[in-house]
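# need a structure here:
(one chain, ligands or ions: 1)
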Amino acid sequence: MRYPYLTILLWCVTGFASVWLLVKRPQQWDTVEELLWLSVSLSMLLQLHPHSKNRLLNVAWPLYCFGLCLDLLDDFIASDKLPILLFDTSLKNIGFLLICSSLLLMLRDKRSDIVHLNNEIAERKQLEAKLTFEAYHDALTGLGNRRAYFEQFKALSRSHGYLFYFDLDHFKQANDKYGHQRGDQILSAFANSLQHHFAADLCFRLGGDEFVAFTSDDSIQPVKIRDHLLEQIFEFGVGVSIGVAKLAQDSDPDAILHQADEAMYRDKQQKNSRRCERP
Ligand SMILES: Nc1nc2c(ncn2[C@@H]2O[C@H](COP(=O)(O)OP(=O)(O)OP(=O)(O)O)[C@@H](O)[C@H]2O)c(=O)[nH]1
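Residues are numbered from 1 along each chain as shown. Reported below is the predicted structural model:
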């Protein structure tokens, strides 16, 4: 509360004056009413004035109080002795209208502030969603990234039976031969093919040319999907090695990754040794 002593003093004076009026001039009920209105208005002025930066309100409120004062004095002093008393109602009404106008203007300003704030909040939310998406997705392929794999592993391993691990073969050579940009296109094309066999939100790029995918479909066989996965990128001389690990309720993400990686590595070695055996 602002100016507490002044406010208490004001209400004490009002109280005494009201009692005095009721005792001495019991017929002047309307004067008591005017006195109460003046006290209420002055108290509000004391509370609000220091906070208000609105110049119109800062003029209108005292003007209204001044009109109330004249209205009160009007009951004790004849208007021919103090002609300004003739304008009590006009001053009061002008003050009141100006208060209404300033409040309306303030509301309009606040409304535009609120619209502005809402837009800012919406923009921040969009940015937050974008940053969250970027934190959990690979920028090149749009697949979930390594962090997403580890965060979602528990839930996905409970609802899926197998983890497939993919590593492109000779990708470095393709990169060197056709350029890094073509290398990016190879990775994107591979990610797209992967999403034809596994649901998009079950595929992750761990980094480089390494991908994983969860599935419950036990009919998916590495040998069967390999050619399909390479359809778009075969011409660049890349292959894909695939390893599978069986998931259990309490599987550990690192251990499963290691298991699938080893299976993938065996697949890679088998292919390499077959290639070496060829005359
Ligand atoms: N274009 C491109 N290349 C990448 C990206 N990330 C990693 N690489 C390259 O991918 C290559 C991956 O290396 P390796 O796994 O040894 O390549 P590899 O020839 O497939 O090797 P093997 O798996 O033994 O056949 C490296 O040359 C990296 O520079 C990428 O986002 N874009």
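
# Return the residues in contact with the residue nearest to Asp209 when sequence neighbours are not counted.
What sits nearest to Asp209 in space, not counting adjacent residues and going by C-beta to C-beta, 6 or more residues apart in numbering, is Leu168, at 3.8 Å. The C-beta positions use only the backbone N, C-alpha and C, and glycine is treated the same way. Shown in contact with Leu168 (C-beta atoms under 8 Å, 6 or more residues apart in numbering): Ile186, Leu187, Phe190, Asp209, Val238, Gly239, Val240, Ser241.

# so how many other residues sit close to Leu131?
10 (other C-beta atoms under 10 Å).

# so what does the helix or strand that contains it touch, helix or strand wise?
In this assignment (DSSP states H and E), Leu131 forms part of helix 88-136. Counting contacts by 3 or more C-beta pairs under 8 Å, 6 or more residues apart in numbering; DSSP states H and E, helix 88-136 packs against helix 55-73, helix 146-159.

# buried stuff in the first one?
So that's helix 55-73. For helix 55-73, the buried set under the neighbour-count rule, 16 or more other C-beta atoms under 10 Å, comprises 57, 60-61, 63-72.

# same question, stretch 203-216
The neighbour-count check on stretch 203-216 (16+ other C-beta under 10 Å) flags Cys203, Phe204, Arg205, Leu206, Asp209, Glu210, Phe211, Val212, Ala213, Phe214, Thr215 as buried.

# Residue of the stretch 51-200 of the chain nearest the ligand, please.
Nearest to the ligand in the stretch 51-200 of the chain, going by C-beta to the nearest ligand atom, is Gly183, at a distance of 2.6 Å.

# Give me the distance between the closest residue to Gln28 other than its chain neighbours and the ligand.
Counting by C-beta to C-beta, 6+ apart, Gln28 lies nearest to Leu21, which is 5.6 Å off, once chain neighbours are set aside. Leu21 is 89 Å from the ligand, where distance means C-beta to the nearest ligand atom, to the nearest Å.

# domains in the protein, as residue ranges please.
For the chain, automatic domain parsing gives the domain ranges 4-113, 146-277.

# Make a markdown table out of those and add mean pLDDT and distance to Asp138.
As requested, these are exported to a markdown table (pLDDT from 0 to 100; distance: least, C-beta to C-beta, whole Å):
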| stretch | mean pLDDT | distance to Asp138 |
| --- | --- | --- |
| domain 4-113 | 90 | 40 |
| domain 146-277 | 94 | 4 |
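
# and the ones you listed, which is most packed in?
Per residue and on average, the most neighbours among the domains of the chain fall to domain 146-277, with a mean of 17 (mean count of other C-beta atoms under 10 Å).

# Can you check the pLDDT for the nearest residue to Ala200 once chain neighbours are set aside?
Spatial nearest neighbour of Ala200, excluding adjacent residues (C-beta to C-beta, 6+ apart): Leu143 at 7.4 Å. pLDDT for Leu143: 97.

# Which secondary structure element is home to the nearest residue to Gly144 once chain neighbours are set aside?
Leaving out its chain neighbours, the residue that sits closest to Gly144 by C-beta to C-beta, 6+ apart is Phe204, at 4.3 Å. Using DSSP H and E, Phe204 maps to strand 203-207.
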